[in-house]
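Engineer: Task: produce atomic coordinates for the following.
(4 chains)
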Number of protein chains: 4
Amino acid sequence: MPIQEGDLVLIQTKDKRFLKRITPGFNINYGKRTLKFEQIVGKEYGSVVEDFYLLKPNLESIILYGFKRKTQIIYPKDAFYIAFKLGIDRNSTVLEFGIGSGALTAVLSQLAGKVIAYEVSQEFYRNALKNWETFGLCKNVEATNMDFSEAEVQEEFFDACFVDVREPWLYLEKVHKVLKKSATCGFLLPTTNQVSQLLKACEGLFGGIEVMEILLRRYKPVHERLRPEDIMVAHTGYLVFGMKIV
Amino acid sequence: MPIQEGDLVLIQTKDKRFLKRITPGFNINYGKRTLKFEQIVGKEYGSVVEDFYLLKPNLESIILYGFKRKTQIIYPKDAFYIAFKLGIDRNSTVLEFGIGSGALTAVLSQLAGKVIAYEVSQEFYRNALKNWETFGLCKNVEATNMDFSEAEVQEEFFDACFVDVREPWLYLEKVHKVLKKSATCGFLLPTTNQVSQLLKACEGLFGGIEVMEILLRRYKPVHERLRPEDIMVAHTGYLVFGMKIV
Amino acid sequence: MPIQEGDLVLIQTKDKRFLKRITPGFNINYGKRTLKFEQIVGKEYGSVVEDFYLLKPNLESIILYGFKRKTQIIYPKDAFYIAFKLGIDRNSTVLEFGIGSGALTAVLSQLAGKVIAYEVSQEFYRNALKNWETFGLCKNVEATNMDFSEAEVQEEFFDACFVDVREPWLYLEKVHKVLKKSATCGFLLPTTNQVSQLLKACEGLFGGIEVMEILLRRYKPVHERLRPEDIMVAHTGYLVFGMKIV
Amino acid sequence: MPIQEGDLVLIQTKDKRFLKRITPGFNINYGKRTLKFEQIVGKEYGSVVEDFYLLKPNLESIILYGFKRKTQIIYPKDAFYIAFKLGIDRNSTVLEFGIGSGALTAVLSQLAGKVIAYEVSQEFYRNALKNWETFGLCKNVEATNMDFSEAEVQEEFFDACFVDVREPWLYLEKVHKVLKKSATCGFLLPTTNQVSQLLKACEGLFGGIEVMEILLRRYKPVHERLRPEDIMVAHTGYLVFGMKIV
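Structural biologist: A predicted model of the protein is given here:
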């Protein structure tokens, strides 16, 4: 189906990507070229206009170029790994707290049956909801503007959990209680000091602990001069996973 | 529900993992300890017996410790990234060829509505089917023992495609034809020479090309001596993604 | 000895480094602070003035912050590795061509007895000489503004060689001729295509071939929040080393 | 000069390296081939015999394949970086303690005027001395079998220092005292906990602190199938450098 007024388009230039909603009056300048509303509407996704590619946005591009950020997002490279690492599928109910800008939630929601999410900051909470609404995501997410410590949740209810808060050790016992036996809990932490502190707190509660980083190294896609990008994102956080023991 | 005869258990020792089906007579030795059938049956997942953790297997552990390999598998770190990078969801029909041992197929099948898969080697094909059957995976996968070049497929039918064969450039035009406009196609290739050759062949067919590696760096999960593992898997393959242009 | 007028000082702020020659009228602004000539002259190296550290420049800081660059320099992380990898010591005479801004030359000159260097570009050549002169380096270097292909050199004269030109394969036979038996030759190349082409050309001339990258990952030096830098230099070039076979 | 009885030869096969002293009766088997004393003596370094390359050993190969190890060595990739990072040259006197197997000492000794080294373990000390003697290295090194805390050393005597002990913070004040103003001190530490503790202890004593890792990623040197090695050394230690402040 051709691109229509109001549609989202991922516009790819030689080396940049833009995610735009195509409304009358829209135009984009890049290098010496301009691309206007009239040149886009009616074209098929995948068309090439004036060296611009008009592509259909996918979840990754929506998160990277569409989501408003009130806080550091969980990068797609990490979110994709986390989602599967949690061992969830369409029958799973997942707990997430510290949803930030809602990027991981959007990824989890694709794989899980249901996501139940908590965010204590009203500003972050509202922004996440706005992000999901803007892009029609997270229909199976139930989010609450509350610190998880105050949430009333059933014991052994969740199939998995992901925690993205500064002091996850403060919540560990409650997390342990609400997870099903052997369910996986994941954490993202920026510093080694936090990882050490978390590992200590996990003793006796979680087993099969793993700690890792996911590094994404990009290459310039030029067939006759193939080489890595000069600069890369070298750190987004350490990931920690463990499974509830009893 | 407690572990029953015939159940799969992920047995975690201090530093190793085993995936085992618990049948009468089963026992496992590790270090100076032995774990027997009678000690496992009736226990809850998540129990700790004699320093062994009895955990519930998830998709990653099934692929890593359960799948029989007739060929190099696509590692979970890559498969998890690929699945989401393809931009698929429960409404998507995905094409995959070169299924090898069926690891990526199992991951794609969790996220997609349907996977249609081809494998030219009879040995690999049978092994993949056996892997899926053993672990009750891939119910929404339709696999054929055939080279994709001989498959009869409808034009603009697929929402995404993943190719894991030695000479993907030989299939590019057909892949382009059967993909929907702007759909993503991914590739895994071990050598830089292949990446160069593929990039050249993609010109005019695929846009928004990206080339990358995913590196997984593990840490020893010891709170008072946190440090990376001494050795890591340094290369599993280069990933290439592009979107069909018209 | 205290810092005197005309001395070089490596000025370290909270997160930046500057290499400056201290002359009357000198001042530097950083953040909300200013540091003036009068505050520096007469101080000992190692002094702390207004949150600025006044440090003694070493070779690395001279290369990184002092050398004028007419071309991409060979980074210290690579140069340090190359120098030792060439297997040279104070009795060695080393050949280098493609000296660029003269950074590697300055490193080689510390370890070798003598460096004989060629640079075809007059602009690069003059700049390198200027860099060395400014910082009193490379007394044991004999540099010529000439393409190495035109240099008259004795057979089996050099103990080692380093080549940093775009098409090193054009020079391989001559390099082979002027090296002593079993001497090491190194190369730096930005793309995988060049590495492939070089490897092919080395057959029959060089043995014990090694190809590698050196990656430097920096951490924020904060004891209670230890973590890698967000961004890193991800690629400066592939290194290739081989030893002359006969 | 041809290889003579008693000479060291670096024997390179298709994918392995051996460092051997060539004495009567010597022979080496690799794959289906054998190489004997008679086939080596009288050959030039750089010769190819039966698919074996007969190469001249350099410092790196002596350390990697010749040194006896009583403890984890400092890898050449780290040692080469450390040596230059210390900012030393032929006029420098360097302090090293925790010499272990003597690998770093051998590298420092090439660049510095003099190295003064301490090792508390008698076993390590004797082994290091043996390593140096066997390969004719470290003539400008003065080593003592003593803990550095007990060494009598002059104030502001050393141009640089490297510390490789488990608890470097115990020695910091003494190190600070014996270093010249603004001199560089380096440390190697395996865990993040140690790095944090050291960083804290350095406050007020050392400035311009840097923390980093050096990663060496090797490629298979095959021109038509260029690709990284499957496995790499992922961690040898964190490096910390600081300069004495006053």
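
Engineer: mind checking the SS state of A:Glu142?
Structural biologist: Three-state secondary structure (criterion: DSSP: H, G, I helix; E, B strand; the rest coil) places A:Glu142 in strand.

Engineer: so it sits right up against A:Ile116, yeah?
Structural biologist: Yes - between A:Glu142 and A:Ile116 a contact is recorded at 5.0 Å, counting by C-beta atoms under 8 Å. Any C-beta I mention is one placed from the backbone N, CA and C, and that applies to glycine too.

Engineer: okay, these two: which has more neighbours?
Structural biologist: A:Ile116 (21 against 11; other C-beta atoms under 10 Å in any protein chain shown).

Engineer: and the more buried one, that one's in a strand?
Structural biologist: Yes - A:Ile116 forms part of a strand when assessed by three-state DSSP.

Engineer: ok, it to chain D distance?
Structural biologist: 34 Å (C-beta to the nearest C-beta, to the nearest Å).

Engineer: ok, which stretches of chain A are helices?
Structural biologist: Listed in chain order, the helices found in chain A under DSSP state H are A:37-40, A:59-61, A:76-85, A:103-111, A:122-134, A:172-178, A:192-202.

Engineer: Quick one: closest of those to D:Met232.
Structural biologist: Each of these was scored for nearness to D:Met232 using C-beta to C-beta, and the closest is helix A:76-85 (19.8 Å).

Engineer: Packing partners of the closest one?
Structural biologist: Under the contact criterion of 3 or more C-beta pairs under 8 Å, 6 or more residues apart in numbering or on different chains; DSSP states H and E, the helices and strands touching helix A:76-85 comprise helix A:103-111, strand A:179-189, strand A:206-220, strand A:238-244, helix B:59-61, helix B:76-85.

Engineer: For A:Leu225, list the residues it contacts.
Structural biologist: To be clear, residue A:225 is Arg; Leu isn't right here. For A:Arg225, the residues meeting the contact criterion (C-beta atoms under 8 Å, 6 or more residues apart in numbering or on different chains) are C:190-191, C:193.

Engineer: From those residues, list the ones also adjacent to chain A.
Structural biologist: C:190-191, C:193 (C-beta under 8 Å from any C-beta of the partner chain).

Engineer: Top of those residues by number of neighbours, please.
Structural biologist: For the ones next to chain A among the contacts of A:Arg225, the largest number of neighbours (other C-beta under 10 Å) sits with C:Thr191, at 21 neighbours.

Engineer: domain assignment for chain A?
Structural biologist: Taking automatic domain parsing as the domain assignment, the record places the domains of chain A at A:8-57, A:64-244.

Engineer: Put together a markdown table for those, with mean pLDDT on each row.
Structural biologist: Formatted as a markdown table, the entries for these read as follows, by pLDDT from 0 to 100:
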| stretch | mean pLDDT |
| --- | --- |
| domain A:8-57 | 91 |
| domain A:64-244 | 97 |
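
Engineer: how about JSON lines for these, with distance to D:Phe97 added?
Structural biologist: Below are those laid out as JSON lines (distance: least, C-beta to C-beta, whole Å):
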{"stretch": "domain A:8-57", "distance to D:Phe97": "51"}
{"stretch": "domain A:64-244", "distance to D:Phe97": "26"}
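
Engineer: which of the ones you listed is buried the deepest?
Structural biologist: Neighbour counts averaged per stretch over the domains of chain A are highest for domain A:64-244, at a mean of 20; criterion: mean count of other C-beta atoms under 10 Å in any protein chain shown.

Engineer: Give the full set of residues in contact with A:Thr13.
Structural biologist: Shown here is A:Thr13, whose contacts under the criterion C-beta under 8 Å, 6+ apart are A:30-31, A:51-53.

Engineer: Report the two of the residues you listed separated the most.
Structural biologist: Checked with C-beta to C-beta, those reach their widest spread between A:Gly31 and A:Tyr53, with 14.1 Å between them.

Engineer: picking up where we left off before, could the helices and strands packed on helix A:76-85 be laid out in a markdown table, adding distance to C:Leu64?
Structural biologist: Written out in a markdown table, the entries for the helices and strands packed on helix A:76-85 read as follows (distance: least, C-beta to C-beta, whole Å):
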| stretch | distance to C:Leu64 |
| --- | --- |
| helix A:103-111 | 36 |
| strand A:179-189 | 32 |
| strand A:206-220 | 24 |
| strand A:238-244 | 29 |
| helix B:59-61 | 43 |
| helix B:76-85 | 35 |
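
Engineer: and of these, who's closest to D:Glu213?
Structural biologist: Between D:Glu213 and these, the shortest separation by C-beta to C-beta is 12.1 Å, and it involves strand A:206-220.

Engineer: Direction included, what does that closest one pair against?
Structural biologist: Strand pairing for strand A:206-220, determined by DSSP bridges: strand A:227-228 (antiparallel), strand A:238-244 (antiparallel), strand B:206-220 (antiparallel).

Engineer: Settle this for me: A:Asn160 is touching A:Leu86, isn't it.
Structural biologist: To be clear, residue A:160 is Ala; Asn isn't right here. Yes - proximity of A:Ala160 to A:Leu86 meets the contact threshold set by C-beta under 8 Å, at 3.9 Å.

Engineer: out of the helices and strands packed on helix A:76-85, which comes closest to A:Lys14?
Structural biologist: Taking C-beta to C-beta as the criterion, strand A:206-220 is the member of those that comes nearest to A:Lys14, at 11.2 Å.

Engineer: Get me the contact residues on chain A for chain D.
Structural biologist: Applying C-beta under 8 Å from any C-beta, we find that chain A lies next to chain D at A:192-193, A:195-196.

Engineer: can we see that at 10 Å?
Structural biologist: Taking C-beta under 10 Å from any C-beta of the partner chain, the part of chain A that reaches chain D is made up of A:191-193, A:195-196, A:226, A:238.

Engineer: nearest to chain D, of these?
Structural biologist: Among those, A:Thr192 lies closest to chain D (C-beta to the nearest C-beta), at 3.7 Å.

Engineer: Next up, the contacts around A:Leu86.
Structural biologist: A:Leu86 sits next to A:92, A:94, A:96, A:108, A:111-112, A:159-162, A:183-186, A:241, B:58-60 when contact means C-beta atoms under 10 Å, 6 or more residues apart in numbering or on different chains.

Engineer: Nice, that's everything, thank you.
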